[in-house]
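Peer 1: I need the structure of the sequence given here:
(2 chains)
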Amino acid sequence: EAGVTQFPSHSVIEKGQTVTLRCDPISGHDNLYWYRRVMGKEIKFLLHFVKESKQDESGMPNNRFLAERTGGTYSTLKVQPAELEDSGVYFCASSQTKTRYYNHYFYEQYFGPGTRLTVT
Amino acid sequence: QQPVQSPQAVILREGEDAVINCSSSKALYSVHWYRQKHGEAPVFLMILLKGGEQKGHEKISASFNEKKQQSSLYLTASQLSYSGTYFCGTEPGYSSASKIIFGSGTRLSIRP
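Peer 2: Have a look, this model is predicted:
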């Protein structure tokens, strides 16, 4: 079974330019997440899709970030216009496997290798 | 609320043991442990749900102390392959398939 894939692996752009990151989740996974890790810091949540719907976008830093998941398969994250502070590694994760605890379910998230974005 | 991990970094010789702690000022509903090697995807190790629960993955095990709102990851007889950054993560509640809030990570280096 193929894992989560992300494209590109690296992107170097100038401040003010636009970049679009792509994530292909594991086939059949309804849940898709975007995270970001700025150098040396924690992995920070950006947003969560369930199929094509945005379940939680509380982590999106501002309106320069736009995420889509048309058709509930792959997802794109567009940064427009990019700023220096947007540099970091952007991870995508997907989940479907559940662990039940009483009436609650917890999902294991499987991460992609990330896209390293450098804004100069 | 971001969980706090300690220590920030550990250097071990192959075969030595290590403990990584993860604590929260808020109630913990679950604790996820991940390991990330440089330039690679974070890899899921285990999830703990119940107070007192312990789990193992290879020679890596973890415990969850619900009352103390903390979890510990134990690495026994460390191998070179254990090197990487370990993250603990928590979920903000019992909501379904919710986001993970990660700690700042513990960098583990194993020397031959």
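Peer 1: where are the low-confidence patches of chain A?
Peer 2: For chain A, applying pLDDT under 70 flags the ranges A:1, A:97, A:99-105.
Peer 1: Could you show which parts of it are in contact with chain B?
Peer 2: A:3-4, A:31, A:33, A:35, A:41-45, A:48, A:50, A:55-56, A:58-59, A:91, A:95, A:99, A:101, A:104-114 (CB under 8 Å from any CB of the partner chain). The way it works is simple: take the backbone N, C-alpha and C, and place the C-beta from them, glycine included.
Peer 1: Which PyMOL command selects the buried ones in those?
Peer 2: A single PyMOL command suffices to select whichever of the residues of chain A next to chain B are buried according to 16 or more other CB atoms under 10 Å in any protein chain shown:
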select buried, chain A and resi 4+31+33+35+42+43+44+45+48+55+56+59+91+95+104+106+107+109+110+111+112+113+114
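Peer 1: Which of the residues of chain A next to chain B fall in strands?
Peer 2: Judged by DSSP state E, the residues of chain A next to chain B include A:31, A:33, A:35, A:43-45, A:48, A:50, A:55-56, A:91, A:95, A:99, A:101, A:104-111 as members of strands.
Peer 1: Which residues are in contact with the residue at minimal distance from the centre of chain A?
Peer 2: By CA atoms, centre = their mean, chain A has its centre lying nearest to residue A:34, at 2.1 Å. Counting by CB atoms under 8 Å, 6 or more residues apart in numbering or on different chains, residue A:34 touches A:23, A:45-48, A:67, A:75, A:77, A:90-92.
Peer 1: Ok, residue B:78 next?
Peer 2: Counted by CB under 8 Å, 6+ apart, residue B:78 has contacts B:12, B:14-18, B:59, B:108, B:110.
Peer 1: In three-state terms, label it for me.
Peer 2: coil (DSSP: H, G, I helix; E, B strand; the rest coil).
Peer 1: Look up how far chain A lies from it.
Peer 2: The gap separating residue B:78 from chain A is 23 Å, by CB to the nearest CB, to the nearest Å.
Peer 1: My understanding was that residue B:92 contacts residue B:101; is that so?
Peer 2: Yes - the pair residue B:92 / residue B:101 is scored as a contact, 6.5 Å apart, by CB atoms under 8 Å.
Peer 1: Which residue of these two possesses the greater neighbour count?
Peer 2: Using other CB atoms under 10 Å in any protein chain shown, the more surrounded residue of residue B:92 and residue B:101 is residue B:101, with 21 against 16.
Peer 1: For the residue nearest to the more buried one when sequence neighbours are not counted, list each beta-bridge partner.
Peer 2: Nearest non-adjacent residue to residue B:101, counting by CB to CB, 6 or more residues apart in numbering or on different chains: residue B:90, 5.4 Å away. On the basis of DSSP bridges, residue B:90 is bridged to residue B:31, residue B:101.
Peer 1: Quick one: the strands in chain B, in order.
Peer 2: Using DSSP E, strands in chain B cover B:4-6, B:9-13, B:18-23, B:31-36, B:43-48, B:54-57, B:60-65, B:70-75, B:84-90, B:101-102, B:106-111.
Peer 1: okay, those in JSON lines with mean pLDDT next?
Peer 2: Listed next are the strands of chain B as JSON lines, based on pLDDT from 0 to 100:
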{"stretch": "strand B:4-6", "mean pLDDT": "94"}
{"stretch": "strand B:9-13", "mean pLDDT": "95"}
{"stretch": "strand B:18-23", "mean pLDDT": "95"}
{"stretch": "strand B:31-36", "mean pLDDT": "92"}
{"stretch": "strand B:43-48", "mean pLDDT": "88"}
{"stretch": "strand B:54-57", "mean pLDDT": "66"}
{"stretch": "strand B:60-65", "mean pLDDT": "88"}
{"stretch": "strand B:70-75", "mean pLDDT": "93"}
{"stretch": "strand B:84-90", "mean pLDDT": "94"}
{"stretch": "strand B:101-102", "mean pLDDT": "92"}
{"stretch": "strand B:106-111", "mean pLDDT": "95"}
